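Chemist: how would this look folded up:
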Amino acid sequence: MNTLEQLKQYTTVVADTGDFESMKKYQPQDATTNPSLILQATQNPKYKALLDDAVAFARKEQGDINHKLKAGLQKVMVNFGMEILKIVPGRVSSEVDARLSFRIYDTISYAKGLIRLYEKEGISRERVLIKIAATWEGIKAAEILEKEGIHTNMTLLFNKVQAIACAEAGVQLISPFVGRILDWHKKDRGVDHIPATEDPGVLSVTEIFNYYKKFEYKTEIMGASFRNKEEIIELAGCDLLTISPNLLGELENSTINIKPKLTVERAKTSDIEEEHYNEMEFRWALNDDPMANEKLSDGIRRFSNDLRQLEKYFLEKI
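Modeler: You can find the predicted model right below:
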């Protein structure tokens, strides 16, 4: 078996792309998208019908231009999600507007709007994960949504403090950003390379995995944002890994033999203690971690900028 086939024995592989052809080729279980991937799709003629449908939907909406833009953004996310669900047997992740990352009830309202659109098209909410930034407000919003049967994927997650708060909130899934953690540490140390066995992103996900499994939290862990196939191999055994098409290709063309590096048995014997954080403790711990604090803020800004670009696209069309 090639390395990708071996990986699928230990870990659920998720496609990190908005490109349907890649999904058909690599046959992942789930798929995840974000505003950046949807923005890229606006430049590709093969996705024109999905975009045109969202524009037409927005035009028909009653209300001012801001309401129409919101409707268009939600509809295009759902249009891509529905096409993805024709390809993957599992779930798709669709993202809440990142500009709502510090607003609990607006996040809940936006998430419910996405779910309504999916259900109107006959898609069960069990096949959808709502992506929300792992701020304190985002986590509180997710806690409420989960109690109403709307499952969440907490994104832009960079440290164990965020992960613990998510687990205690009962969220369905978290997405620790392995590659962005590595990027920060390479820049901070002034180096071009850190071996995968010492990779801070890999070590962070390993720590979170061991914590969740030792204390029997049900929240799934999906490593994300990889920079090289070696990071992925080091996390074999993680619940899920979301991987870009180019790295899926590298794994498919590789014959490296792999074994699970993360196991429940090993986690159970790890020497770690349970931790709890209230809101003030959470905010201080996040503030006290320069990497997590900077990358969370940067991620929210990036997704927000891409949403503004998408809004420009819709404004011109509407």
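Chemist: centre of the chain to stretch 154-171, how far?
Modeler: Its chain's average C-alpha position is 12 Å from that of stretch 154-171, according to C-alpha atoms, centre = their mean, to the nearest Å.
Chemist: now do the same end-to-end measure for that stretch.
Modeler: One end of stretch 154-171 sits 8 Å from the other (C-alpha to C-alpha, to the nearest Å).
Chemist: kindly report the same for stretch 78-97.
Modeler: Taking C-alpha to C-alpha as the criterion, the two ends of stretch 78-97 lie 13 Å apart.
Chemist: over to stretch 225-239?
Modeler: Terminal residues of stretch 225-239 are spaced 15 Å apart (C-alpha to C-alpha).
Chemist: which parts of the protein are strands?
Modeler: Assigned by DSSP state E, the chain shows strands spanning 12-16, 30-32, 92-95, 128-133, 152-157, 173-176, 220-223, 240-243.
Chemist: quick one, which of those strands is packed in tightest?
Modeler: strand 152-157 (a mean of 30; mean count of other C-beta atoms under 10 Å). C-beta: built from backbone N, CA, C; applies to glycine.
Chemist: now the longest helix anywhere in the chain: buried residues?
Modeler: Ordering each helix of the chain by length in residues (DSSP state H) puts helix 290-317 first. The neighbour-count check on helix 290-317 (16 or more other C-beta atoms under 10 Å) flags 291-293, 295-296, 299-300, 303-304, 306-307, 310-311, 313-314 as buried.
Chemist: what does stretch 240-253 give?
Modeler: Neighbour count says stretch 240-253 has 240, 241, 242, 243, 244, 245, 247, 248, 249, 250, 251 buried, by 16+ other C-beta under 10 Å.
Chemist: reformat these as TSV; add distance to residue 136 and pLDDT.
Modeler: Formatted as TSV, the buried residues of stretch 240-253 follow (distance: C-beta to C-beta, whole Å; pLDDT from 0 to 100):
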residue	distance to residue 136	pLDDT
240	24	98
241	27	97
242	24	95
243	29	96
244	29	94
245	34	93
247	32	97
248	34	96
249	38	96
250	37	97
251	36	97
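Chemist: and of these, the nearest to residue 218?
Modeler: The nearest member of those to residue 218, counting by C-beta to C-beta, is residue 240 at 13.8 Å.
Chemist: the stretch 51-200 of the chain: helices as residue ranges?
Modeler: 65-85, 104-120, 136-147, 160-168, 178-189, 200-214 (DSSP state H, counting those that start in this stretch).
Chemist: between helix 136-147 and the second one, find me the angle.
Modeler: So the one you mean is helix 104-120. 40 degrees (axes from the mean of the first three to the mean of the last three C-alpha atoms, to 10 degrees).
Chemist: return the set of buried residues in helix 104-120.
Modeler: Buried-residue list, helix 104-120, by 16+ other C-beta under 10 Å: 104, 106, 107, 108, 110, 111, 113, 114, 115, 117, 118.
Chemist: now tabulate the buried residues of stretch 240-253 in CSV and tack on distance to residue 211.
Modeler: Formatted as CSV, the buried residues of stretch 240-253 follow (distance: C-beta to C-beta, whole Å):
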residue, distance to residue 211
240, 17
241, 18
242, 20
243, 23
244, 27
245, 31
247, 26
248, 28
249, 32
250, 30
251, 27
